[in-house]
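*Asks:* okay, structure incoming, though there's no sequence with it:
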């Protein structure tokens, strides 16, 4: 049983292009409840910056949903679940998240000064601080950009025991790689120093 499953080069180019197209079309559609969303996860009370969310669930095709469910289901056993569980799971949400260095987004300008202190907790407030995905059984993240080539920073970190001194770090995800984890394990994404980190995340329950 693993806390996080890393699948290298798991997504074919055709599907990556399909995901890029979906994100682009939703952004172009401009529905206010789907685009330019910002969320503050974890225990920090500061307004979260350094990322932007685009909700995809309303526009995703049935074939894309089915493919993603099968991809997620193929990794459930490695997380300690039964082989047949994926048949019972449904997509809870589907979203594209774009991370960027703090201060480089329009939203960051609106909340400038709210994260003024420089402690570690406040530094993480502009990314996705340690949090859990509620009732989600499995969360799956598909990388649309490559570490070191398109961005620096943005490491994924998970703490399956809840002890921040015992964590697992994934820092070298490349375009087409997939990571899966149990939704109730504490996890976070580190701030970016350069570039854009783009992922498509689905939650299943």
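*Replies:* Alright, I've got the coordinates. Just so you know, these numbers come straight off a predicted model, no measurement behind them.
*Asks:* for the chain, which segments count as strands?
*Replies:* Secondary structure of the chain by DSSP state E: the strands cover 4-7, 51-55, 91-99, 128-131, 138-143, 151-153, 156-159, 168-170, 178-182, 186-189, 192-195, 197-204.
*Asks:* just put these in TSV and tack on mean pLDDT and distance to residue 15.
*Replies:* From N, CA and C alone the C-beta is placed, and that goes for glycine too. As requested, the strands of the chain are exported to TSV (pLDDT from 0 to 100; distance: least, CB to CB, whole Å):
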stretch	mean pLDDT	distance to residue 15
strand 4-7	98	13
strand 51-55	93	18
strand 91-99	96	14
strand 128-131	78	24
strand 138-143	98	8
strand 151-153	96	21
strand 156-159	95	21
strand 168-170	96	21
strand 178-182	97	11
strand 186-189	92	22
strand 192-195	93	23
strand 197-204	97	10
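*Asks:* I'd like those laid out as CSV, including distance to residue 21 and mean neighbour count.
*Replies:* Output for those, formatted as CSV (distance: least, CB to CB, whole Å; neighbours: other CB atoms under 10 Å):
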stretch, distance to residue 21, mean neighbour count
strand 4-7, 22, 18
strand 51-55, 13, 20
strand 91-99, 11, 20
strand 128-131, 25, 20
strand 138-143, 14, 24
strand 151-153, 21, 17
strand 156-159, 25, 19
strand 168-170, 26, 15
strand 178-182, 19, 23
strand 186-189, 24, 22
strand 192-195, 22, 17
strand 197-204, 12, 23
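*Asks:* for the ones you listed, give me JSON lines that also has distance to residue 72.
*Replies:* Converted to JSON lines, those look like this (distance: least, CB to CB, whole Å):
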{"stretch": "strand 4-7", "distance to residue 72": "10"}
{"stretch": "strand 51-55", "distance to residue 72": "18"}
{"stretch": "strand 91-99", "distance to residue 72": "9"}
{"stretch": "strand 128-131", "distance to residue 72": "20"}
{"stretch": "strand 138-143", "distance to residue 72": "5"}
{"stretch": "strand 151-153", "distance to residue 72": "25"}
{"stretch": "strand 156-159", "distance to residue 72": "16"}
{"stretch": "strand 168-170", "distance to residue 72": "17"}
{"stretch": "strand 178-182", "distance to residue 72": "6"}
{"stretch": "strand 186-189", "distance to residue 72": "16"}
{"stretch": "strand 192-195", "distance to residue 72": "26"}
{"stretch": "strand 197-204", "distance to residue 72": "6"}
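*Asks:* fine by me, thanks again.
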